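Engineer: generate a structure from the sequence data that follows.
(one chain, ligands or ions: 1)
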Amino acid sequence: MSALEQNLKKAEAYLERFRRDGVLNHIAGEAVPAGDGATFESISPIDLKPLAKVAHGKVADIDRAAKAAKAAFHGWAAMPGDTRKKLLHKIADAIVVRAEEIAFVECMDTGQSLRFMSKAALRGAENFRFFADRASEARDGKALHAPGQLNITTRKPIGPVGIITPWNTPFMLSTWKIAPALAAGCTVVHKPAELSPLTARLLVEIAEEAGLPKGVWNVVNGFGEDAGKALTEHPDIKAIGFVGESATGSLIMKQGAATLKRVHFELGGKNPVIVFADADLDRAADAAVFMVYSLNGERCTSSSRLLVEASVHDAFVAKVVEKAKRIKIGHPLDPDTVIGPLINPEHQAKVLSYIELGRKEGAGIVAGGAAVDGPGGGTYVQPTLFTGVSNRMRIAQEEIFGPVLVAVPFNDEAEALELANDTRYGLAGYLWTSDVTRALRFSDALEAGMIWVNSENVRHLPTPFGGVKNSGIGRDGGDWSFDFYMETKNISFATSSHAIAKLGG
Ligand code: NAD
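Structural biologist: Next up is the predicted model:
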């Protein structure tokens, strides 16, 4: 039996329960159908066949979940940080034990390849460990002295929070948002993406089997316009942690206005990789190819705009083309596959329409440029590279969210900076140069929340993650996550008998 055949057999065994029982919501510790019994289907992008019927939650289901999260809040918030820490580590241990199951289910539900998803499951466990270790100190604050006065700041969890996640790497992203909320002492209502809801079910189950009290973590499946909207409008939900498209972020801000929701947005990107002639071009090419073609290009920090100094443009582009043409497109469970099918036919059509638009805008295709009839007949698209691109073309401005790269030449540093910043997004930037002074100068002026110099995206969890401009509001990682999920309070003590104004005698 080939490795793929063996993996398919295992995947079927892991999916069997979903095919039989569907994907239920999870409210107050119970797996429940939607109140009105409605379901929708989760379709695998590999063969476009249904994987499971999913509970279709709406306003009433969100209301039940928010009430459960509210009821559980005081107990969870009052639990000593050390106890929460132990529990969150137990969740991480259980994720590791079930990492294969998570990865296989994720591949079948999202079309992402196993070579990346097996690591994503383990990264999910790391997210829990990282925030578990900080749970004990989450409430700590500062002491601020003034003459005759001592101020003490302290933090408290904000309350029940809503977490809304996208479909591209749903397991990892859910852990990234939910682990700090729990570590901070918040309770959670999670609304997973409707296009890939399966692993959110595994995650909440794992957490409760590890001992998480009922009601602390609730999951309601459904669509953005019903379950998602209801969550952002619910008065008991104090904050919304959202990862998704910029346009959706804008809607959520409007929806949450009436209840004065605190929002944290991790949104889209059109991230430049800027390659100067003095860079190590082989390493830069490997990194650029990795950042745009891994995860099917369905990645917020994807290096989707390649800005190359004119003197090395053709040579550099040739390196990228050579690599892009050798990338294996295939079944996500084939261990050799790099690119699997895109999330669904609508998204495939969107990516292909951008490829067509690029042709119409006058850019040239030097790699890829078409759909692929891959295993299962799913939504595959070739890794594609456009040259002859001007930064004003729509393919250079809009987030395509697929394996499509556009190359734009520049003549000097000033032009590189202008092109790099000429976008409404500002999530990530990748800079390649051997001139350290230029690296400092350029990265200081580059409009992005995160910049990697001479590197692909290598995450260090204590560092801040987030974007500027239309790419986001707020930061995750390190203590930044706690700032979002907690309220800071200042308590001021008089330390001397200072003179108090005597009004009225
Ligand atoms: P999306 O915005 O369409 O959906 C994300 C989630 O929001 C889903 O769960 C959806 O049901 C929900 N939603 C939709 N409308 C809603 C509404 N009116 N109210 C409340 N919830 C609503 O995004 P997507 O297509 O699932 O994901 C792709 C996008 O996510 C890309 O733009 C990508 O760049 C972005 N993304 C950003 C990051 C980051 O960290 N910055 C990470 C991953 C993905």
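Engineer: average pLDDT for stretch 132-145?
Structural biologist: Confidence over stretch 132-145, taken as the mean pLDDT, stands at 97.
Engineer: which of the residues in it are buried?
Structural biologist: Residues Ala132, Arg134, Ala135, Ala138, Arg139 are the ones in stretch 132-145 that count as buried (16 or more other CB atoms under 10 Å). C-beta here means a position set from N, CA and C on the backbone, and glycine is covered the same way.
Engineer: the second one falls within a helix, correct?
Structural biologist: Yes - secondary structure of Arg134, determined by DSSP: H, G, I helix; E, B strand; the rest coil: located in a helix.
Engineer: Met486 is in contact with that one, correct?
Structural biologist: No - shown here, Arg134 and Met486 do not form a contact pair, counting by CB atoms under 8 Å, at 11.6 Å.
Engineer: quick one on the thing from earlier: and of the buried residues of stretch 132-145, the nearest to Cys300?
Structural biologist: For Cys300, the nearest member of these is Arg134. The distance, counting by CB to CB, is 24.0 Å.
Engineer: residue contacts, the closest one?
Structural biologist: Residues in contact with Arg134 (CB atoms under 8 Å, 6 or more residues apart in numbering) are Ala183, Asp479, Phe482.
Engineer: likewise for Ala279?
Structural biologist: With the criterion set at CB under 8 Å, 6+ apart, Ala279 makes contact with Trp432, Thr433, Ser434, Asn454.
Engineer: from those residues, which is closest to Val96?
Structural biologist: Nearest to Val96 among the contacts of Ala279, with distances taken as CB to CB, is Asn454, at 31.9 Å.
Engineer: mind pulling up the pLDDT for the residue of the stretch 51-200 of the chain found nearest the ligand?
Structural biologist: Shortest the stretch 51-200 of the chain-to-the ligand distance, computed as CB to the nearest ligand atom: residue-wise this is Pro166, at 3.0 Å. The confidence metric pLDDT takes the value 98 at Pro166.
Engineer: let me know the helix or strand that it is in.
Structural biologist: With elements delineated by DSSP states H and E, Pro166 resides in a region that no helix or strand encompasses.
Engineer: how about it, nearest residue that isn't a chain neighbour?
Structural biologist: In space, Pro166 comes closest to Gly244 once its chain neighbours are excluded; the distance is 4.5 Å by CB to CB, 6 or more residues apart in numbering.
Engineer: tell me the phi and psi of the one you found?
Structural biologist: Per-residue torsions, Gly244: phi 170, psi -160 (degrees, to the nearest 10).
Engineer: where does pLDDT dip in the stretch 101-250 of the chain?
Structural biologist: Applying pLDDT under 70 to the stretch 101-250 of the chain picks out no residues at all.
Engineer: that one against the ligand: which residues are in contact?
Structural biologist: 164-168, 173, 191, 193-194, 223-225, 228-229, 232, 243-245, 248 (CB under 6 Å from any ligand atom).
Engineer: helix, strand or coil for the residue nearest the centre of the chain?
Structural biologist: The residue at the geometric middle of the chain, judged as the C-alpha nearest the mean C-alpha position with CA atoms, centre = their mean, is Leu173 (4.4 Å). At Leu173 the chain is in helix, as set by three-state DSSP.
Engineer: so it sits against Ile164, correct?
Structural biologist: No - in this structure Leu173 lies outside contact range of Ile164 using CB under 8 Å: 10.4 Å.
Engineer: what do these two both touch?
Structural biologist: Counting by CB under 8 Å, 6+ apart, the residues touching both Leu173 and Ile164 are Val243.
Engineer: around the ligand, which positions in the stretch 301-450 of the chain sit nearby?
Structural biologist: So the stretch 301-450 of the chain meets the ligand at Glu399, Phe401, Leu427 (CB under 6 Å from any ligand atom).
Engineer: which of the residues you listed tops the neighbour count?
Structural biologist: Leu427 (27 neighbours; other CB atoms under 10 Å).
Engineer: list phi and psi for it.
Structural biologist: Listed backbone geometry of Leu427 is phi -80, psi -70, with angles given as degrees, to the nearest 10.
Engineer: got it, and the one 5 residues further on?
Structural biologist: Torsion angles at Trp432 (phi, psi; degrees, to the nearest 10) stand at phi -120, psi 110.
Engineer: quick one: His331 and the ligand, what's the gap?
Structural biologist: For His331, the distance to the ligand equals 23 Å [CB to the nearest ligand atom, to the nearest Å].
Engineer: contacts only, for the closest residue to that residue other than its chain neighbours.
Structural biologist: Closest residue to His331 in three dimensions, ignoring its sequence neighbours and counting by CB to CB, 6+ apart: Pro375, at 4.2 Å. Listed by CB under 8 Å, 6+ apart, the contact partners of Pro375 are Ile46, Gly330, His331, Asp334.
Engineer: my guess is Val204 contacts Val189, does it?
Structural biologist: No - judged on CB under 8 Å, Val204 makes no contact with Val189 at a distance of 10.9 Å.
Engineer: from the ligand, how far off is Asp236?
Structural biologist: If you measure Asp236 against the ligand using CB to the nearest ligand atom, the figure is 16 Å.
Engineer: residues contacting that residue?
Structural biologist: Contacts of Asp236 were listed using CB under 8 Å, 6+ apart, and they are Ala66, Lys67, Ala69, Lys70, Gly159, Pro160.
Engineer: so the third one is in contact with Pro213, correct?
Structural biologist: Put plainly, it is Ala69. No - distance between Ala69 and Pro213: 11.4 Å, which falls outside the contact criterion (CB under 8 Å).
Engineer: these two - which one has more neighbours?
Structural biologist: When Ala69 and Pro213 are compared for neighbours, Ala69 comes out ahead with 29 against 14, by other CB under 10 Å.
Engineer: grab the nearest non-local neighbour of that one.
Structural biologist: On the basis of CB to CB, 6+ apart, the spatially nearest residue to Ala69 that is not a chain neighbour turns out to be Pro160, at 3.6 Å.
Engineer: can you give me the helices in the stretch 251-400 of the chain?
Structural biologist: Assigned by DSSP state H, counting those that start in this stretch, the stretch 251-400 of the chain shows helices spanning 281-293, 310-326, 345-361, 394-397.
Engineer: looking at these, which is buried most?
Structural biologist: Ranked by mean neighbour count under mean count of other CB atoms under 10 Å, the helices of the stretch 251-400 of the chain are led by helix 281-293, which reaches a mean of 21.
Engineer: any idea how far Gly297 is from Phe401?
Structural biologist: 7 Å (CB to CB, to the nearest Å).
Engineer: same thing with Thr387?
Structural biologist: Separation of Thr387 from Gly297 (CB to CB): 17 Å.
Engineer: of these two, which one has the most company?
Structural biologist: Between Thr387 and Gly297, counting by other CB under 10 Å, Gly297 is the more crowded of the two (24 against 21).
Engineer: residues near the nearest residue to that one once chain neighbours are set aside, how many?
Structural biologist: Nearest-residue entry for Gly297: Pro403, 3.6 Å, with adjacent residues in sequence omitted and distances by CB to CB, 6+ apart. The number of residues packed around Pro403, counting by other CB under 10 Å, is 30.
Engineer: so who does Pro403 touch?
Structural biologist: Neighbour list for Pro403: Val292, Tyr293, Asn296, Gly297, Ile339, Val351, Gly368, Val381, Gln382, Pro383, Thr384 [criterion: CB under 8 Å, 6+ apart].
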